[in-house]
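Participant: got a predicted structure plus its sequence, pasted below:
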Amino acid sequence: MKTPFALALLAPLALASPAHADACDDLAAQLNGHIDGLSVGKTAANVIYLSHPAAKDLRLGCASRRISNELLATSEARKPKPEFTSLVAKAAAVIFTVPVDDTLKGVSRCISRMGILRGDDIRMRFRRLDLHCTRTKTSATITISRGKDQ
């Protein structure tokens, strides 16, 4: 026979909430909800692999000692299509809670600076975001991150 005292001790355990998903997993779920055609893949080594028809490679890097989050996207062409630029801007807006217009402006500016005069490796800051654009003979890659100290 159980005593009321034992039931009182067990009551808080029954009301305990289930374990919450990692913040990075929540962010990936938000991305999935906000961007049409995006699917969330496997998680490995603090990176969530995403896929979308407009990008050859899309990854969400979770928080580490230096950065809060990181988005890496690779296009299938040397000069990315507007769909790719729009995808990266929408994803960055959700990840870093910045307006889409601002992220679109930063992404477009970083990609357009690559060329003969400035080279194929561009690093810039825009709206407290670190943007790094690189280009090879067949593809272009953009990495967007924000430091922990910002």
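Facilitator: Noted; the coordinates are in hand. Numbers count the residues shown, from 1 in each chain.

Participant: just the helices in the protein please.
Facilitator: 4-15, 23-34, 82-96, 100-113 (DSSP state H).

Participant: can you lay out those helices as TSV showing distance to residue 66?
Facilitator: Bear in mind the C-beta positions are built from the backbone N, C-alpha and C, glycine included. TSV is the format used below for those (distance: least, CB to CB, whole Å):
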stretch	distance to residue 66
helix 4-15	38
helix 23-34	15
helix 82-96	15
helix 100-113	20
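
Participant: single out the most deeply packed of those.
Facilitator: By mean neighbour count, with neighbours taken as mean count of other CB atoms under 10 Å, helix 82-96 ranks first of the helices of the chain at a mean of 21.

Participant: and residue 80, how many neighbours?
Facilitator: Neighbour count for residue 80, taken as other CB atoms under 10 Å: 27.

Participant: OK, contacts around the nearest residue to it once chain neighbours are set aside?
Facilitator: If the residues on either side of it in the chain are set aside, residue 80 comes closest to residue 140, at 5.2 Å by CB to CB, 6 or more residues apart in numbering. Counting by CB atoms under 8 Å, 6 or more residues apart in numbering, residue 140 makes contact with 74-75, 77-80, 111, 114, 133-134.
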